[in-house]
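J.: Just need the structure, nothing else, for what follows:
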Amino acid sequence: MNIEREETGTLTATLKLKLAPADYAPAVDKVLKEQRKTAAWPGFRPGQVPMSIIKKRIGKSVLVNEVERLIDEKLRNYIEENKLRVLGQPLPANEDMKANDWDEPGEFNFQYEVGMAPSIEVEMNDNLGVELPLVEVDDSLLDKEINDMRRRYGSLSDVEISEAQDMLIGDIIELEESGEIKPGGLMNRTTITVEEIADEATRGLFIGKKAGDAVNVDPHKISKGHDDLAKMLDVDHEAVHELKGDMLFRIAEIKRMEPLEIGPELFERTFGQGAVADEAEFRAKVKEGLEGMFLRDSERVFKRLVMRALVEKSKIELPDGFLKRWISMTSEKPITPEELEAGYEGYAEGLRKQLMEDRIVEKYGLEAKGEELNEFAKRYVSDQFAQYGIPAPEGDKLQEMAGRMLGEREQIKKIRDTIVDQKITAHFKAMLSPKEKKMSFDDFVNLARTA
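T.: Now for the predicted structure:
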């Protein structure tokens, strides 16, 4: 097989493949001979069917399969040997395939379009001007976290009249359009936590109620999507898609979480026996924990901000025409030109970031190594046991469990991506020495949404 490359643009090329009969005929003949050994045909004993009949029956399909296999193999080899950094997959030029004569096979000619990744230069210096955003843990954030802890370790009690933070246990019942209960309709006992209802007006329907009261409510406004509603109704996901109109919620019980008082019991349940002496020390440790949690979030946002700045500075070009054709040809569902144009910029932006990240990993040697994958897997297994208060296995047993994790392709990818992400973030902080920028929690959330 002969492959020639013709450059057709800055980041595009055409690969021209030429197959002679000597390339495909031996394998085709071998398959046909194997098939003849067991072939059955009226008037002939098994294994004695003439080759002309075998070729007529399956010869063309065998030929097509072998040619496709050869093309796939040779294209991959050519791309690897010539170190071409292709985007997507080579796209066949259909008109060339139609020109080949499959009934009278001789020399075959094919053309494939390829789009290639651009060369990217990465410059790391303080001039990038990206700051490390840090959440200012003020008293309001601290008080909110402590109140959440108090409720987490509190106790449930029955109350008569519902308030904004109560849980209502009751039956959710499907109604007719007339408002009457639908015979044989959906019905299930479920729990509604009033403060978790997003819609303010709907939330108000459940305040000031007592056991035995009933509320007509849009079920989609008391759930967090179709999956959540399906669980509330104890039905399959599909059953709630066409659910319209209000349902009846008949209250059976009202439960209130009584928060645990700030004191020795809360200190011990939160941080362990003897770890905290008084409220001031308790608040200091909670604040420290919040700052540590927010720091991890800050580093993730910082990495995204740096990546965005690097991409904008590099002005990465892409073979847009090729990529649009590739998306259109490989999309699982038919895609209109309008849909393609509308979604392409978002796709291109994500691709530029990925190409930049790949270049950074390559240039600075940040790829995850085998021993790092193994150590990460062992730590993960140990942490899982610790989460449930169970002593973690050691030695060969721990290695065996880590090995099972590393035997799954998806797990390896997740572990690799996590390690590389951590390495890139650490590298950015070391190379850029970013200034810290403290901000309110709300400002940080807004920044994280747009980073």
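
J.: The stretch 351-451 of the chain: helices as residue ranges?
T.: Under the criterion DSSP state H, counting those that start in this stretch, the stretch 351-451 of the chain carries helices at the ranges 370-387, 395-406, 409-432, 441-450.

J.: Quick check: Asp246 touching His220?
T.: No. With contact defined as C-beta atoms under 8 Å, Asp246 and His220 do not form a contacting pair (10.2 Å). Any C-beta I mention is one placed from the backbone N, CA and C, and that applies to glycine too.

J.: number of nearby residues for Phe302?
T.: Phe302 sits with 23 neighbouring residues when counted by other C-beta atoms under 10 Å.

J.: before we move on, what about the one 5 residues further on?
T.: When counting by other C-beta under 10 Å, one arrives at 20 neighbours for Met307.

J.: One more: His427?
T.: Neighbours around His427, by other C-beta under 10 Å: 18.

J.: what sits against it?
T.: His427 sits next to 360, 364, 366 when contact means C-beta atoms under 8 Å, 6 or more residues apart in numbering.

J.: Now restrict these to buried residues only.
T.: 360, 366 (16 or more other C-beta atoms under 10 Å).

J.: can you tell me which helix or strand the nearest residue to Ile360 once chain neighbours are set aside belongs to?
T.: Closest residue to Ile360 apart from its sequence neighbours, by C-beta to C-beta, 6 or more residues apart in numbering: Val122 at 5.8 Å. Val122 belongs to no helix or strand when assigned by DSSP states H and E.

J.: and the host helix or strand of Lys313, what other elements does it pack with?
T.: Using DSSP H and E, Lys313 sits in helix 279-314. Other elements packing on helix 279-314 under the criterion 3 or more C-beta pairs under 8 Å, 6 or more residues apart in numbering; DSSP states H and E are strand 132-135, helix 139-152, helix 264-271, helix 337-364, helix 409-432, helix 441-450.

J.: Just the buried residues of stretch 320-333, please?
T.: 322-327.

J.: sorry, that was for stretch 301-320
T.: Neighbour-count burial for stretch 301-320, with 16+ other C-beta under 10 Å as criterion, is recorded at 301-308, 310-311, 314, 316, 318-319.

J.: Can I get that stretch in PDB? Just the C-alpha atoms.
T.: Extracted in PDB, the C-alpha atoms of stretch 301-320 (Å, rounded to 0.1, in the frame of the first residue of the first chain):
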ATOM      1  CA  VAL A 301     -11.000  28.200  39.800                       C
ATOM      2  CA  PHE A 302      -7.500  29.500  39.700                       C
ATOM      3  CA  LYS A 303      -6.500  26.700  37.300                       C
ATOM      4  CA  ARG A 304      -9.400  27.500  35.000                       C
ATOM      5  CA  LEU A 305      -8.600  31.200  35.000                       C
ATOM      6  CA  VAL A 306      -5.000  30.500  34.100                       C
ATOM      7  CA  MET A 307      -6.000  28.100  31.300                       C
ATOM      8  CA  ARG A 308      -8.400  30.700  29.900                       C
ATOM      9  CA  ALA A 309      -5.700  33.400  30.000                       C
ATOM     10  CA  LEU A 310      -3.200  31.100  28.300                       C
ATOM     11  CA  VAL A 311      -5.700  30.200  25.600                       C
ATOM     12  CA  GLU A 312      -6.600  33.800  24.900                       C
ATOM     13  CA  LYS A 313      -2.900  34.800  24.800                       C
ATOM     14  CA  SER A 314      -2.000  32.000  22.400                       C
ATOM     15  CA  LYS A 315      -4.800  32.700  19.900                       C
ATOM     16  CA  ILE A 316      -5.000  29.000  19.000                       C
ATOM     17  CA  GLU A 317      -6.100  28.400  15.400                       C
ATOM     18  CA  LEU A 318      -8.200  25.300  14.500                       C
ATOM     19  CA  PRO A 319      -9.100  23.700  11.200                       C
ATOM     20  CA  ASP A 320     -12.700  24.900  11.600                       C
END
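
J.: Would you mind measuring the gap between the ends of stretch 152-172?
T.: End-to-end distance of stretch 152-172: 27 Å, with C-alpha to C-alpha, to the nearest Å as the criterion.

J.: model confidence over that stretch, on average?
T.: The average of the pLDDT scores along stretch 152-172 is 95.

J.: Could you check it and say which residues are buried?
T.: So stretch 152-172, judged by 16+ other C-beta under 10 Å, has buried residues 162, 166-168, 170, 172.

J.: Wasn't Leu84 part of a helix?
T.: No. Looking at Leu84 with DSSP: H, G, I helix; E, B strand; the rest coil, it is coil, so not inside a helix.

J.: where's it relative to Arg269, distance?
T.: To Arg269, Leu84 is 60 Å away according to C-beta to C-beta, to the nearest Å.

J.: so which of the helices and strands packed on helix 279-314 gets nearest Pro90?
T.: Of all these, helix 337-364 sits nearest to Pro90, with 17.3 Å by C-beta to C-beta.

J.: what bits of the protein have low per-residue confidence?
T.: For the chain, the stretches with pLDDT under 70 are 94-98.

J.: Could you list the domains of it?
T.: Here the domain parsing of the chain from automatic domain parsing is 2-116, 155-258, 271-450.

J.: got the ones you listed as TSV, with distance to Leu134 columns?
T.: Listed next are the domains of the chain as TSV, based on distance: least, C-beta to C-beta, whole Å:
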stretch	distance to Leu134
domain 2-116	37
domain 155-258	29
domain 271-450	5
